[in-house]
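S.K.: quick one: sequence and predicted model below, then my questions.
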Amino acid sequence: MALTRRLTGFQATGKLHLGNLLGALRPLIAAQKAEGSVALIADLHAMTVDHNPTDVRENALELATVLLAAGVDAERTPIVLQSHVREHTELHYLLECVTGFGEAARMIQFKEKSANGGPVRLSLLTYPVLMSADILLYDVEQVPVGDDQRQHLELTRTIAHRFNSRYGETFTVPDGVRPEAAARVMDLADPTVKMSKTVGTGRIGLLDPPEMIRRVVARAVTDEFALVRRDPRQPGVTNLLDILTACTGSVSSATSYRVLKQEVTDAIEALLAPIRARHAELTADPGYVRKVLAAGADRVRPTAAATVARARRAIGLLD
C-alpha cells in the first residue's frame with residue numbers, strides 16, 4: 001500500500017500551546033511510523049504583517065526546537081523551514097496566475113483586517129495562495145485542518161482542480177483531515193474560544209513551568225452547577241474533562257471541581273515535563289537544530305523542484 005503523505009504546518013508566530021500539541025503535534029508524531037509526513041514551519045507568513053526580523057528568525061528556530069522536544073523524529077518526518085525551499089515562492093506566483101482577486105479577497109483574515117482600516121499589506125491578500133503552494137508543492141494527500149483553516153484548504157482544492165483542468169494533471173488534490181473533537185482545546189479562561197498562541201489568559205504553553213500550569217488551571221472557568229459532567233451548559237467543565245481525556249485517555253472520577261482541576265493539572269504536567277526537559281537539552285546545542293532544518297530542506301527539495309518543473313511546463317514556460 002502506498003504511503004499517505006501528510007503535511008502539517010506551523011506558523012512561526014507565538015508559542016505552541018497544549019491545543020497545538022494535542023490537535024496537531026500528537027497526530028503527526030503518531031503517524032510517523034506509518035506514513036510519509038512533512039512538518040512545515042511557515043516563516044514567510046509572518047511577513048504579511050508588521051514584524052521584527054530578529055523575532056521571526058528566533059521564533060522559527062524556537063519552533064523547530066519545540067517540535068523536536070515534543071517527539072517529532074526528524075529522520076522520519078523532515079522539519080522544513082518554508083523560506084529554505086525557494087520553490088514555495090515560485091509556485092506561489094504560478095498559482096496566483098490561476099486565482100481570481102475575488103477568491104483571495106474573500107479569505108477571512110484579509111476581510112477582517114481590511115475592514116478595520118489602516119495599512120494592509122498586499123501579502124496578506126495573497127498569502128492564502130502561498131498556503132496553497134505550501135500544500136501542493138509536496139504532493140500531499142492529507143492536510144490536518146480545523147474550522148479556522150477550512151476555507152484555505154477549499155481554496156487550495158479549487159486552485160488545484162482549475163490548474164489540472166486547464167493545463168493537464170499537475171497537482172495532487174489533497175483532502176482535509178479534521179482533528180479529533182477531544183483535541184480541540186478551548187481557552188481555560190474563556191471556554192467559548194479556542195486556545196490561542198498569542199492571546200488569552202487561559203492558555204498553557206508547552207514550556208510553561210509547573211507553577212504556571214497550576215495557576216492557570218486553578219483559575220479555569222467553571223460554573224454554578226457544581227456537577228462534574230460534559231454538558232453544553234457547562235463549557236468550562238466540559239473543556240477540563242476533554243483536556244483530561246486527551247492527555248491521559250481516561251475519564252475523571254472527580255466529584256468536585258477542585259479535584260477535577262487537580263487531576264487536569266497533574267495530567268498536563270506529566271505530559272509537558274518531558275518536553276521541557278528535552279527542550280533544555282536541545283537549547284544547549286542550537287547548532288544541532290539548524291542542522292536538522294538544513295537536512296529537512298535537502299530531503300524535500302527534490303520533490304518540490306519536480307512539482308515546480310511540472311507546473312512550469314504545464315502553464316507554458318520554457319525549460
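M.R.: Sure, I can see it. Quick caveat: nothing in here was measured; it's all calculated off a predicted structure.

S.K.: show me the shaky parts of the stretch 101-250 of the chain.
M.R.: Within the stretch 101-250 of the chain, the ranges that satisfy pLDDT under 70 run 179-183.

S.K.: tell me where it has helices.
M.R.: Taking DSSP state H, counting those that start in this stretch as the test, the helices found in the stretch 101-250 of the chain are 101-105, 108-115, 122-136, 150-167, 210-218, 235-248.

S.K.: which elements pack onto the second one?
M.R.: Using 3 or more Cβ pairs under 8 Å, 6 or more residues apart in numbering; DSSP states H and E, the elements in contact with helix 108-115 are helix 122-136. Just so you know, the C-beta spots here come from the backbone N, C-alpha and C atoms, and that holds for glycine as well.

S.K.: what's in contact with the helix it packs on?
M.R.: Contacts to helix 122-136, defined as Cβ atoms under 8 Å, 6 or more residues apart in numbering, come from residues 7, 9, 40, 42, 44-45, 47-49, 82, 88-89, 91-92, 95-96, 99, 104-105, 107, 109-110, 113-114, 143, 152-153, 155-156, 159-160, 171-172, 174, 307.

S.K.: same thing but at 7 Å, please
M.R.: Residues outside helix 122-136 that contact it (Cβ atoms under 7 Å, 6 or more residues apart in numbering) are 7, 9, 40, 42, 44-45, 47-49, 82, 88, 91-92, 95-96, 99, 104-105, 107, 109-110, 113, 143, 152, 155-156, 159-160, 171, 174, 307.

S.K.: now swap in stretch 257-272 and tell me
M.R.: For stretch 257-272, the surrounding residues in contact (Cβ under 7 Å, 6+ apart) are 18, 204, 206, 210, 213-214, 217-218, 220, 222, 228, 240, 243-244, 247-248, 252, 254.

S.K.: over to stretch 204-212?
M.R.: 15-18, 21, 66, 70, 213, 216, 268-269, 272, 275-276, 279.

S.K.: the helix or strand harbouring G9 to helix 122-136, inter-axis angle?
M.R.: Taking DSSP states H and E as the criterion, G9 maps to strand 6-11. Angle of strand 6-11 versus helix 122-136, following axes from the mean of the first three to the mean of the last three Cα atoms, to 10 degrees, is 160 degrees.

S.K.: pLDDT on the helix ranked longest in the chain, on average?
M.R.: Ranked by number of residues, the top helix in the chain under DSSP state H is helix 286-315. In this model, helix 286-315 carries a mean pLDDT of 97.

S.K.: pull out the buried positions in it.
M.R.: Buried residues in helix 286-315, counted by 16 or more other Cβ atoms under 10 Å: 289, 292-293, 296-297, 299-301, 303-304, 307-308, 310-312, 314-315.

S.K.: likewise stretch 133-143?
M.R.: For stretch 133-143, using 16+ other Cβ under 10 Å, the buried residues are A133, D134, I135, L136, L137, Y138, D139, V140, E141, Q142, V143.

S.K.: likewise for stretch 217-228?
M.R.: Residues of stretch 217-228 classed as buried: V217, A220, V221, T222, V228 (neighbour count, 16+ other Cβ under 10 Å).

S.K.: let me know the closest of those residues to A74.
M.R.: Using Cβ to Cβ, V217 is the member of the buried residues of stretch 217-228 that lies nearest A74, at 32.0 Å.

S.K.: next up, the contacts around the closest one.
M.R.: The contact partners of V217, by Cβ under 7 Å, 6+ apart, come to L188, K261, V264, T265.

S.K.: you'd agree the second one is in a strand?
M.R.: No - counting by DSSP: H, G, I helix; E, B strand; the rest coil, K261 is located in no strand; its state is helix.

S.K.: residues near it, how many?
M.R.: For K261, the neighbour count with other Cβ atoms under 10 Å is 21.

S.K.: from I275, how far off is it?
M.R.: Distance from K261 to I275, counting by Cβ to Cβ, to the nearest Å: 21 Å.

S.K.: same deal with the first one?
M.R.: According to Cβ to Cβ, L188 and I275 sit 19 Å apart.

S.K.: so for those two, which sits in the more crowded spot?
M.R.: Each of L188 and I275 has its neighbours counted (other Cβ under 10 Å); L188 has more, 25 against 19.

S.K.: so the more buried one sits right up against A218, yeah?
M.R.: No - using Cβ atoms under 7 Å, L188 is not in contact with A218, being 9.6 Å away.

S.K.: just to revisit the earlier point, now the contacts of V217 in CSV, with distance to G36?
M.R.: Listed next are the contacts of V217 as CSV, based on distance: Cβ to Cβ, whole Å:
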residue, distance to G36
L188, 35
K261, 40
V264, 35
T265, 37
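
S.K.: identify the farthest-apart pair in those.
M.R.: Maximum pairwise distance in the contacts of V217, criterion Cβ to Cβ, is 11.0 Å, between L188 and T265.

S.K.: rewinding a little: make a markdown table from the buried residues of stretch 217-228 and add distance to R184 to it.
M.R.: A markdown table is the format used below for the buried residues of stretch 217-228 (distance: Cβ to Cβ, whole Å):
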| residue | distance to R184 |
| --- | --- |
| V217 | 18 |
| A220 | 16 |
| V221 | 17 |
| T222 | 19 |
| V228 | 20 |
